[in-house]
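[1] dropping a prediction and its sequence here:
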Amino acid sequence: MPAFLPDLSVILAFALAAFVLAVTPGPDMALFVSRTMNFGRLHGYATVLGALTGIAVHTALVAFGISMLIVAAPTAFWVLKIVGALYLVWLAIQAVRSGGGILVSKAGGKPPRLAQSYMTGLGINLTNPKVALFFVTFLPQFVSAQDPDAVGKLLFLGVEFVLVSLPVVIAIVLFAQWLTTTLRDNAWVSKALNWSFAAVFMAFAATILLAEGRK
C-alpha cells in the first residue's frame, strides 16, 4: 500500500465527514445556485470548479503548514476575515442592483465569461476564513503529526474531499437549473430570489466576522 494512503477506516470516516460538510449550506452553495440561475449550468459548473480549486489550495497550505501560521497570527486572520466579509457584502449588493453579477439575468442580457465565474468561485472560497479554520482544525485530526508521510496523507484527504463533494455540488447546480426553468418567468419570484441571495450573503458575512482564530 502506498505510504501516502491512510487506513481504510480513516478514508471512510473522512468521506462521511466531507459529505456532511458538502451538504451543509454556506456561501459557496449559495453562489453555485445564484450563478447557475443567472447565467446557466456552465457558469454554475465554472463556479464550482473555482471553489474546488480553493479547497485544493487550502489543503496544500495546511499540508505544508502555512494556514496554521495565518490562523495563529491575529492580524493576518483579522485581515482575512475583513476581506472575506467585504467580498460577501459585495456579492449581496450585486444580488439586488440592476445588472448585477448575481441578479437573475433578463433575456438578452450579456453573461460574464466562464473565467469570471471560475474566479468568483475561487475568490469566495479563498476569502472565507471559516474554510481555513475547518481545514486547519479538522483535516489534521485524521493524520498523526508524528507520521513521516503526514504531508502525503493530508494531500490525499484533500483530493478525497473534492471527490466526495463533487457529486453534491453537481446535484446543486442541476437543481438550480431546474428551479430556474420552473420559476424564472415569474417576476415576483425572481425578485424574491435576488433579495434572498442578498440576505444569505449578508448573513454569511456577519458569521465570518464572528469567526475566531485558534488561541
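    Received, thanks.
[2] could you look up the SS state of the residue nearest the centre of the chain?
    Central residue of the chain (C-alpha atoms, centre = their mean): residue 28, 3.6 Å from the mean position. Here residue 28 takes the helix state, with states given by DSSP: H, G, I helix; E, B strand; the rest coil.
[3] before we move on, what about residue 112?
    State at residue 112, reduced to three classes by three-state DSSP: coil.
[4] so it touches residue 42, yeah?
    No. Using C-beta atoms under 8 Å, residue 112 makes no contact with residue 42, being 11.3 Å away. Every residue, glycine included, has its C-beta placed from N, CA and C.
[5] what about the longest helix in the chain?
    Secondary structure assigned by DSSP state H gives helix 150-183 as the longest helix of the chain.
[6] for that helix, which positions count as buried?
    Across helix 150-183, burial judged by 16 or more other C-beta atoms under 10 Å covers 151-158, 160-162, 164-165, 168-169, 172-173, 176-177, 180.
[7] show the average pLDDT along it.
    Helix 150-183 shows a mean pLDDT of 87.
[8] same check, this time on stretch 51-68
    Rounded mean pLDDT across stretch 51-68 is 85.
[9] one step back: wait, what's in contact with the residue nearest to the centre of the chain?
    Contacts for residue 28 (C-beta atoms under 8 Å, 6 or more residues apart in numbering) come out as 51, 121, 124-125, 128.
[10] pick the one among these closest to residue 22.
    residue 51 (10.8 Å; C-beta to C-beta).
[11] now do the contacts for the closest one.
    Here residue 51 is in contact with 28, 31-32, 121-122, 124-125, 169 (C-beta under 8 Å, 6+ apart).
[12] so it versus residue 173, what's the distance?
    Relative to residue 173, residue 51 is positioned 11 Å away (C-beta to C-beta, to the nearest Å).
[13] before we move on, what about residue 16?
    According to C-beta to C-beta, residue 16 and residue 173 sit 23 Å apart.
[14] go on, residue 141?
    Distance of residue 141 to residue 173, given as C-beta to C-beta: 30 Å.
[15] still on that earlier bit, can you list residues touching both of residue 51 and residue 173?
    Shared contacts of residue 51 and residue 173, counting by C-beta under 8 Å, 6+ apart, come down to residue 32.
[16] buried residues in stretch 42-62, which are they?
    Judged by neighbour count using 16+ other C-beta under 10 Å, the buried positions of stretch 42-62 are 43-55, 57-62.
[17] with stretch 23-37 instead?
    26-37.
[18] residue 111 is in contact with residue 36, isn't it?
    No. Between residue 111 and residue 36 there is no contact under C-beta under 8 Å: 11.5 Å.
[19] what sits in contact with each of these two?
    residue 43.
[20] give me the helices and strands touching the host helix or strand of residue 19, please.
    Element membership of residue 19, judged by DSSP states H and E, is helix 8-23. Packed against helix 8-23, as judged by 3 or more C-beta pairs under 8 Å, 6 or more residues apart in numbering; DSSP states H and E, are the following elements: helix 150-183.
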